[in-house]
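1. test case, fold it:
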Amino acid sequence: MRDWFKSNRGFLLFLLCFGFFRTAIADWNPIPSGSMRPNLLEGDVVFVNRVAYDFKLPLSDHVLATLADPQRGDIVTFSSPKDGTRLIKRIVAVAGDTVEMRHERLFVNGEEAQYDAKEQVDEPIAGLGAVKAVRLTESLGQAQRRVQWLEGVKARNSFAPLKVPAGQVLVLGDNRDDSADSRYFGFVPRERLIGRAVRVLVSADIKGDWAPRLERFGMALR
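-> Prediction:
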């Protein structure tokens, strides 16, 4: 056994370094659902910067060093406060913010988001087939992103003003009527944030013929 370890120490060292890199520095995350459409599609694989906010003890939520604060508009991966499932959503409010939603329209600290560049499309929804959807550019402060609303799909499209507690964030999916997010499981503690999604690494049409979507390779996220 000692001889085996000696002859394979280079490979074992590589595995150790690779494991440390994936659990502490950077990772990749496949997108399995449509909750972030139209910005992230099923079959995208995104690069996740695990040290965007904190440096953690590998394989744990224990923070060793605080590096930066989460920002509104960041797309983040995190462990769900409900059941620990890894999810990917967008931060729309940070600690100290007051946020509310009135019939799909977002308000942060009393400022109403503006919506324009309306586009109507057909969206595939599991169990429902094609559903009419409306896509708009949501602008709030300096941040802009495309969001999507689904016609005839019931979701929590309104909630009363909430103040985000210290050390927590509020997240929403860009596909507002097809996303399990803070409207359903509440605020996300900072220590549950895994990292910030930076760009799409690769992408394939997993709902169709698995053809690569070359135009999405390396696409920066915003």
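
2. rest of the way, CA atoms for contacts and neighbours
-> OK.

3. neighbours around Lys207, how many?
-> Other residues near Lys207 number 11, with proximity taken as other Cα atoms under 10 Å.

4. just the one 3 residues further on next, same as before
-> Trp210 has 11 neighbours, counted by other Cα under 10 Å.

5. again with the one 4 residues further on
-> Leu214 is flanked by 11 other residues according to other Cα under 10 Å.

6. mind checking which helix or strand the nearest residue to it once chain neighbours are set aside is in?
-> Spatial nearest neighbour of Leu214, excluding adjacent residues (Cα to Cα, 6 or more residues apart in numbering): Ser203 at 7.1 Å. In the assignment (DSSP states H and E), Ser203 maps to strand 193-203.

7. what packs against that strand?
-> Contacts defined by 3 or more Cα pairs under 8 Å, 6 or more residues apart in numbering; DSSP states H and E place strand 193-203 against strand 44-49, strand 75-79.

8. just checking, what packs against the longest one?
-> This points to strand 44-49. strand 26-30, strand 193-203.

9. what's the angle from that strand to strand 26-30?
-> Between the axis of strand 44-49 and that of strand 26-30 there is an angle of 160 degrees, by axes from the mean of the first three to the mean of the last three Cα atoms, to 10 degrees.

10. would you mark the buried spots in stretch 84-96?
-> Applying a neighbour-count criterion of 16 or more other Cα atoms under 10 Å, the buried positions in stretch 84-96 are 87-95.

11. go on, stretch 44-61?
-> Neighbour-count burial for stretch 44-61 flags 44-56, 58, 61 (criterion: 16+ other Cα under 10 Å).

12. which residues does the nearest residue to His62 once chain neighbours are set aside bridge with?
-> The shortest distance from His62 to any non-neighbouring residue, by Cα to Cα, 6+ apart, is to Lys56 (5.5 Å). In this structure, Lys56 has beta-bridge partners Val63, where bridges are defined by DSSP bridges.

13. so what's Lys56 up against?
-> 24, 62-65 (Cα atoms under 8 Å, 6 or more residues apart in numbering).

14. from Asp122, how far out is Ile88?
-> Counting by Cα to Cα, to the nearest Å, the separation of Ile88 from Asp122 is 23 Å.

15. check Ser203 too.
-> As judged by Cα to Cα, Ser203 and Asp122 stand 21 Å apart.

16. who has more neighbours, the two?
-> Using other Cα under 10 Å as the criterion, Ser203 and Asp122 rank with Ser203 on top: 25 against 12.

17. contacting residues around that one?
-> With contacts defined as Cα under 8 Å, 6+ apart, Ser203 is in contact with 43-45, 212-214, 216-217.

18. can you list the helices and strands packed on strand 193-203 in CSV and add mean pLDDT and distance to Gly195?
-> Listed next are those as CSV, based on pLDDT from 0 to 100; distance: least, Cα to Cα, whole Å:
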stretch, mean pLDDT, distance to Gly195
strand 44-49, 96, 5
strand 75-79, 96, 6
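
19. let me have those in a markdown table, extended by distance to Arg196.
-> A markdown table is the format used below for the helices and strands packed on strand 193-203 (distance: least, Cα to Cα, whole Å):
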| stretch | distance to Arg196 |
| --- | --- |
| strand 44-49 | 5 |
| strand 75-79 | 4 |
